[in-house]
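J.: for reference, the sequence and a predicted model appear below.
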Amino acid sequence: MLLSGCWKPRNMPHALGAFSTLYSTSTRQQAYSSILDAHMKRPRKASAVAASSHTVHTAVGVSSSQNNDSKGTKRARVEKNSGAFRFWHDERRFKGGADRCLVQQALFEAGGVRTGGYPKAAPVPGPLGFQRHGDWDMLWSPARSALKAMPLLKAGQLISAVPGMYCLTKKRRLSTTLAAAYGDEAWQLVPQSYSLPAELQEWKQWLQQQEAHGVDPGPWMLKTAQHLGKGLVLLPGQQAYQAAVTPRLPSAKPFVLAQRYVSNPLLINDCKFGIRLWLLITGVDPCTAYLHTQGLVLFSTDSYDLGSLSDDEGAAGRGHITNYAQNVGGTVWNLVMLKQHLGADVYKRLWNKLVSSAAHVACAAMGEVRQEHAAGRVPPNSTFELLGLDYLVDEDMHPWLLEVNGTPSLAVDHGDAPVEQLIHDTKNAMVQDMVNILNCSRRFLARYGQVKAGSKLPAPQAAAVRATLTRNDEASIRRRVEFELKHRGGFLPLMGHYPVLKYAGGVSSSTGIQQQGSDAGNNAEQEPPDAGQQIVASSVSSSVADVNGSGQPGSGPAFSERDKRLFVYMQSWWSKQRKLLALRRKVAKQQAQQEATTGEAAPAEQMQQDTVVLDQTPVAA
């Protein structure tokens with residue numbers, strides 16, 4: 001639906017008028033019905049303060065007043081007090097309707113006004129966000145369509161895609177990107193993979209080497225570029241190679257990747273499972289990445305049977321696929337349930353490995369991402385992207401990254417009401433944290449020369465505020481990072497886990513980075529916190545292990561000087577967090593002891609006061 005955050009019935013004639021200018025006469029009545037239906041189903045939200053009465057060209061479904069200028073063109077102005085920023089939701093490019101879209105709900109709650117994106121029920125497709133670049137402050141659209149807005153992107157606008165991130169999200173690119181950064185060590189992050197057809201010869205040579213040494217190459221998964229678990233074929237090594245080189249029917253999608261199958265997965269109740277985590281990229285130079293501490297555990301509906309690789313139609317057997325789209329109505333857990341099943345110590349070790357893996361993956365892409373940003377002259381702080389990381393855990397508790405999804409599903413749908421609620425709560429918590437960490441409620445004020453919503457500044461001061469949109473100096477970056485750390489919610493910052501110490505080499509003294517093996521590498525434990533518990537992480541992640549002890553490290557990620565300075569900053573930040581946690585635990589212990597002795601809860605006021613003081617202490621640069 002296309003509604004302002006607090007649309008009132010008295011605004012309906014203007015909204016219908018805006019719709020009528022975009023529909024033909026023959027479909028106008030259907031359009032009216034559509035917008036009326038959408039109006040009746042709008043999500044509830046608290047009233048928000050207006051950003052300004054800025055111009056919105058062909059704004060759809062927004063309460064507006066229209067005036068004719070000297071050229072006779074129509075203009076629509078967002079009604080005062082209708083919202084704090086404008087967002088465009090390309091509803092037709094996502095699954096499900098807007099009434100159940102978690103991101104739209106969160107943006108409404110942050111004070112947003114939806115100014116575009118035709119509903120799926122509309123009689124005509126209508127324009128996409130990149131075709132109406134002047135109608136929004138934020139564009140929520142799948143990466144493929146969001147990136148089309150990049151050439152006309154203005155300072156202060158925000159799109160939900162990071163140019164260059166295809167080096168991770170395309171199936172055939174993920175393995176080559178990681179191998180370029182880490183050499184053979186990449187095969188401890190992802191299963192050994194070959195891009196097809198470019199690396200067919202390399203794959204053939206590897207298979208021949210295994211055969212010469214009498215080693216079974218094991219099963220291989222052939223993947224097409226399709227999503228939702230479609231197009232997967234699982235065969236023994238030589239058969240998989242023959243299937244890859246055999247021409248396919250015109251109706252069949254070509255294989256783009258051959259990936260060594262993890263044949264020893266950890267099983268729960270005889271079933272294979274995968275872990276979906278969410279990685280948020282908020283900045284490019286320096287690279288700021290966050291991994292959410294909540295996630296989903298998705299089970300296959302059939303029992304695991306290594307003796308039965310394929311079904312009757314030649315596709316990978318259902319016991320080998322954990323993708324939710326192929327196991328609709330199947331078992332779904334959250335990470336708390338997985339922790340309870342594995343035990344706290346085992347889960348803690350697994351979580352440490354997941355954090356390290358996600359950090360390596362995020363920074364491996366930064367070289368190409370920065371090149372794309374420079375080539376496209378992308379304004380600073382104009383891009384972000386939410387990625388879905390799909391992991392498989394083997395019997396040795398090693399997590400294998402199988403895919404990186406550029407548009408992870410945020411749909412909530414399950415036949416079992418309690419499970420559907422679990423999925424909703426997990427995804428919604430992550431989405432709310434994403435909107436908060438992006439500072440959607442305030443970040444767009446500068447576009448309209450404001451520092452406070454609804455307050456107009458004199459022209460010179462407003463111009464000075466707008467000028468801050470193009471700043472990308474160290475002070476601006478520090479303010480953004482500090483805000484993100486303060487409002488991260490369940491997102492865990494990965495910047496302190498980048499393998500800087502291993503790959504930075506002889507770093508300059510200006511960064512202050514200590515050499516590998518120094519006191520900087522104090523490996524504190526990583527795990528999702530219990531309710532209300534502070535997150536504490538290690539300041540340096542462990543390096544990726546060599547493959548069979550013989551792999552050579554790659555050239556490493558393209559770390560910039562800003563990455564290195566941010567890494568140092570995160571050392572101090574994590575040190576402060578550890579002190580805070582220690583104080584809070586001390587307060588809780590003292591309260592418990594006094595309560596056990598006196599039977600009354602003790603306030604422990606002095607320690608609580610110390611905790612507040614420490615919490616407000618600036619982090620050393």
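T.: Happy to help now that I have it.
J.: would you mind listing where the stretch 451-600 of the chain has pLDDT under the threshold?
T.: Applying pLDDT under 70 to the stretch 451-600 of the chain flags residues 504-554, 599-600.
J.: same question but for the stretch 201-350 of the chain, I mixed them up
T.: Ranges of the stretch 201-350 of the chain meeting pLDDT under 70: 229, 310-314, 316-320, 325, 327.
J.: which residues are in contact with the closest residue in space to L147 that isn't next to it in sequence?
T.: The shortest distance from L147 to any non-neighbouring residue, by C-beta to C-beta, 6 or more residues apart in numbering, is to A161 (4.9 Å). Just so you know, the C-beta spots here come from the backbone N, C-alpha and C atoms, and that holds for glycine as well. Neighbour list for A161: S141, P142, A143, R144, A146, L147, T383, E385, G406 [criterion: C-beta atoms under 8 Å, 6 or more residues apart in numbering].
J.: which residue is the nearest non-sequential neighbour of the third one?
T.: Right, A143. Counting by C-beta to C-beta, 6+ apart, the residue nearest A143 is A161, at 3.9 Å.
J.: checking that neighbour next. Helix, strand or coil?
T.: coil (DSSP: H, G, I helix; E, B strand; the rest coil).
J.: distance of it relative to P418?
T.: The gap separating A161 from P418 is 34 Å, by C-beta to C-beta, to the nearest Å.
J.: for L309, see how far away the nearest residue to G218 once chain neighbours are set aside is.
T.: In space, and not counting its chain neighbours, G218 is closest to S263: 5.6 Å by C-beta to C-beta, 6+ apart. Taking C-beta to C-beta as the measure, S263 falls 10 Å from L309.
J.: need the residues touching each of these two.
T.: Common neighbours of S263 and L309 (C-beta under 8 Å, 6+ apart) are P219.
J.: higher neighbour count, those two?
T.: Neighbours per residue, other C-beta atoms under 10 Å: of S263 and L309, the larger number sits with L309, 22 against 14.
J.: wait, the more buried one sits on P219?
T.: Yes. The criterion here is C-beta atoms under 8 Å, and L309 meets it with P219 at 5.9 Å.
J.: where do the contact lists of the two overlap?
T.: The contact lists of L309 and P219 share L234, L235, P236, where a contact means C-beta under 8 Å, 6+ apart.
J.: can I have the buried ones of these as a ChimeraX selection?
T.: Filtering those down to the buried ones (16 or more other C-beta atoms under 10 Å) takes a single ChimeraX command:
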select :234,235
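J.: ok, of the shared contacts of L309 and P219, which one's closest to E395?
T.: Among the shared contacts of L309 and P219, L234 lies closest to E395 (C-beta to C-beta), at 18.7 Å.
J.: which helix or strand contains that closest one?
T.: strand 233-236 (DSSP states H and E).
J.: and that strand, what other elements does it pack with?
T.: Counting contacts by 3 or more C-beta pairs under 8 Å, 6 or more residues apart in numbering; DSSP states H and E, strand 233-236 packs against strand 219-224, helix 237-245.
J.: counting by contacts, list what the shortest one packs against.
T.: Spelled out, it's strand 219-224. Using 3+ C-beta pairs under 8 Å, 6+ apart, strand 219-224 is in contact with strand 233-236, helix 237-245, strand 255-260.
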